[in-house]
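S.K.: predicted coordinates and the sequence they were generated for:
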Amino acid sequence: MNNTQLREQVDLIREVFMYTRKFRQATFVFKIDDSLIDDPAFPSLVKDIALLHHNGIRIALIPGAVNHIDKILSQYGIETKKVGGIRLTTAESLPFVKMAAFDLASRLMTWLAGHQINAVIGNWVRARAMGVIDGTDYQFSGHVDKLKTAAVKDILEDGDIPLFPSVGWNSLGEAYNISTDELAIVIARELSAAKLFFITALPDLTAENSVVPAGMETGDDGRIYRMTLADAEDFLKINRDSPITRVLDCAVRGCREGIERVHIVDGRIEGVLLKEIYSNTGSGLMIHSSGYDRIRPMAEGDIDAVLSLIRPFVEKKILIPRTRESLMEKLADYVVYEVDGILHACAAFHPYGTESGELAAVAVNEEYRIAGIGRKIVHYLIDQARRRGFVRIFALTTQTSDWFLQLGFRYGEKRDLPETKAKTLSPERNSRVLLMDL
Ligand SMILES: CC(C)(COP(=O)(O)OP(=O)(O)OC[C@H]1O[C@@H](n2cnc3c(N)ncnc32)[C@H](O)[C@@H]1OP(=O)(O)O)[C@@H](O)C(=O)NCCC(=O)NCCS
């Protein structure tokens with residue numbers, strides 16, 4: 001193995017450690033397309049879910065059921081109509097719908113038992129009838145009314161995996177057939193999941209199989225690996241309806257309901273989940289709603305607000321003073337984090353040449369501290385720097401080194417800095433040098 005390969009492997013291991021720490025105790029919700037159950041990649045998919053679970057990630061599973069329900073109904077010669085993709089679940093079909101849904105859940109349970117994982121199937125979903133819409137009576141097709149969130153959280157707390165068949169009950173105990181997409185979104189939202197996954201049996205979206213809006217990035221393999229919620233909405237406007245755009249539409253709905261990250265992955269690809277979770281560019285598509293959406297370049301009109309944001313930290317000698325002129329001069333280096341027109345945070349990336357740059361002026365309004373804003377704005381700048389081809393980012397700090405270490409930086413020396421920067425260092429400030437290789 002040569003040095004470059006070794007370094008790449010070590011970098012990968014570092015990334016894995018970083019994400020492992022970040023996601024410990026986080027909740028991930030997986031909706032698994034039922035057609036994957038007979039796919040040759042399914043055993044390794046379950047194995048990877050088990051691995052995530054054993055690594056401290058809390059997992060809720062929703063087996064998609066549409067194909068299996070179709071199969072069972074046709075085996076028993078029962079026909080159901082679909083209107084706008086929604087099945088009209090008749091009284092006659094309902095027992096077979098339940099049979100298919102619970103069969104899938106129990107098959108998943110069996111698979112998980114093979115990895116020493118307890119899974120629990122429960123009646124945590126309160127449902128209500130969809131009723132009559134535009135004259136069509138949807139009969140026993142329902143919506144999620146309420147989730148018994150506390151009960152589900154107890155299951156997760158106990159280290160078990162809750163499994164959700166596509167059935168819910170009203171307060172009288174009457175069952176309804178529920179869309180697993182809707183179920184997945186509600187569960188992820190109610191559990192404040194860090195991620196919701198749609199594990200499909202569909203190919204990734206690429207520049208070849210779709211119309212990519214101007215400015216949207218694709219990877220070397222042509223895959224679209226990340227979209228903001230706004231990007232995804234634009235994408236849907238210019239692409240034809242297809243099975244994968246329907247999944248994207250669900251992802252958009254999930255993001256709009258407040259789930260921060262929704263991932264769409266092709267479950268037929270070996271190791272797809274691990275790659276998507278533990279590497280920066282992933283192996284599927286991530287749609288993200290918050291954080292990055294609130295970060296934008298600083299405009300001239302923001303300068304006064306940015307000066308007031310950093311003032312308290314300058315007074316405490318945590319940050320070096322900046323003037324209106326110096327901010328104006330480096331306007332393009334700064335970004336701000338804005339919510340409802342109010343700036344909560346700012347940060348800058350100052351390039352030194354084409355390889356390395358300084359992360360500076362990171363400041364979060366005291367009122368919004370410890371809410372993850374600092375981390376988001378720094379990750380945003382790191383991401384941007386990486387995309388622009390920078391290989392190293394450094395920060396100088398007197399009092400905040402622990403925070404940078406927590407973000408994955410390591411200590412460096414003055415000699416690690418670009419020469420032009422090293423020359424300007426103030427001996428009185430005696431700042432610590434922190435580095436990150438991108
Ligand atoms: C440091 C700063 C940017 C952090 O922003 P934030 O939005 O509050 O931080 P996040 O929510 O992303 O991170 C919170 C975590 O960092 C830790 N943390 C916050 N400030 C810290 C500090 N000064 N030192 C060490 N750890 C710190 C919190 O304890 C929390 O830890 P946890 O995840 O284990 O609970 C913010 O406190 C700030 O503006 N400080 C003053 C300016 C500054 O020091 N800038 C950096 C030098 S350029």
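M.R.: That came through fine.
S.K.: what about the residue of the stretch 101-250 of the chain found nearest the ligand, neighbour count?
M.R.: When distances are taken as Cβ to the nearest ligand atom, the stretch 101-250 of the chain reaches nearest to the ligand at A194, 13.4 Å away. (Each C-beta comes from the backbone N, C-alpha and C, glycine too.) For A194, the neighbour count with other Cβ atoms under 10 Å is 18.
S.K.: repeat for S279
M.R.: Number of residues near S279 (other Cβ under 10 Å) recorded here: 14.
S.K.: now do the same for it: its pLDDT.
M.R.: Note for S279: predicted pLDDT of 77.
S.K.: name the SS class of the nearest residue to it once chain neighbours are set aside, please.
M.R.: Leaving out its chain neighbours, the residue that sits closest to S279 by Cβ to Cβ, 6 or more residues apart in numbering is E15, at 5.9 Å. Following DSSP: H, G, I helix; E, B strand; the rest coil, we place E15 in the helix state.
S.K.: wait, isn't E15 in contact with Y278?
M.R.: Yes: between E15 and Y278 there is a contact at 6.1 Å, judged by Cβ atoms under 8 Å.
S.K.: more neighbours, the two?
M.R.: Neighbours were counted for E15 and for Y278 using other Cβ under 10 Å; Y278 has more, 21 against 14.
S.K.: looking at the closest residue to L88 other than its chain neighbours now. What's its pLDDT?
M.R.: Nearest non-adjacent residue to L88, counting by Cβ to Cβ, 6+ apart: K81, 4.9 Å away. On pLDDT, K81 comes in at 90.
S.K.: kindly report the same for D293.
M.R.: With respect to pLDDT, D293 has a value of 59.
S.K.: I figured T136 hits R87, correct?
M.R.: No: using Cβ under 8 Å, T136 makes no contact with R87, being 11.7 Å away.
S.K.: so for stretch 260-276, mean pLDDT?
M.R.: On average, stretch 260-276 scores 94.
S.K.: do the same with stretch 310-323
M.R.: 94.
S.K.: ok, now stretch 106-121?
M.R.: Mean per-residue pLDDT for stretch 106-121: 96.
S.K.: quick one: name the residues of this structure near the ligand.
M.R.: Within the chain, the positions adjacent to the ligand are 313, 318-319, 360, 362-364, 369-375, 395, 397, 400, 402-403, 406 by Cβ under 6 Å from any ligand atom.
S.K.: I'd like to know how many residues surround the residue nearest to L88.
M.R.: 10.
S.K.: same thing with A422?
M.R.: For A422, using other Cβ under 10 Å, the count is 14.
S.K.: which one is it nearest to, not counting chain neighbours?
M.R.: Closest residue to A422 apart from its sequence neighbours, by Cβ to Cβ, 6+ apart: K414 at 5.5 Å.
S.K.: and the gap between that neighbour and T149?
M.R.: K414 sits at a distance of 52 Å from T149 (criterion: Cβ to Cβ, to the nearest Å).
S.K.: neighbour-wise, which of these two wins?
M.R.: Taking other Cβ under 10 Å, K414 and T149 do not tie; T149 has more neighbours (15 against 11).
S.K.: follow-up on the earlier one: look up phi and psi at the residue of the stretch 101-250 of the chain closest to the ligand.
M.R.: Dihedral pair for A194: phi -70, psi -30, per degrees, to the nearest 10.
S.K.: so it makes contact with V29?
M.R.: No: counting by Cβ under 8 Å, A194 does not reach V29; the two are 9.3 Å apart.
S.K.: per-residue pLDDT of the residue of the stretch 101-250 of the chain closest to the ligand, please?
M.R.: For A194, pLDDT reads 93.
S.K.: kindly report the same for P213.
M.R.: Here the pLDDT value assigned to P213 is 83.
S.K.: ok, which stretches of this structure are helices?
M.R.: With helices called from DSSP state H, the chain shows them at 3-23, 42-54, 66-75, 94-113, 149-157, 180-190, 229-238, 243-256, 272-278, 303-315, 324-329, 373-387, 401-406, 419-424.
S.K.: including distance to N430, could those helices go into JSON lines?
M.R.: Below are the helices of the chain laid out as JSON lines (distance: least, Cβ to Cβ, whole Å):
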{"stretch": "helix 3-23", "distance to N430": "28"}
{"stretch": "helix 42-54", "distance to N430": "43"}
{"stretch": "helix 66-75", "distance to N430": "64"}
{"stretch": "helix 94-113", "distance to N430": "54"}
{"stretch": "helix 149-157", "distance to N430": "46"}
{"stretch": "helix 180-190", "distance to N430": "47"}
{"stretch": "helix 229-238", "distance to N430": "44"}
{"stretch": "helix 243-256", "distance to N430": "45"}
{"stretch": "helix 272-278", "distance to N430": "37"}
{"stretch": "helix 303-315", "distance to N430": "17"}
{"stretch": "helix 324-329", "distance to N430": "22"}
{"stretch": "helix 373-387", "distance to N430": "23"}
{"stretch": "helix 401-406", "distance to N430": "12"}
{"stretch": "helix 419-424", "distance to N430": "14"}
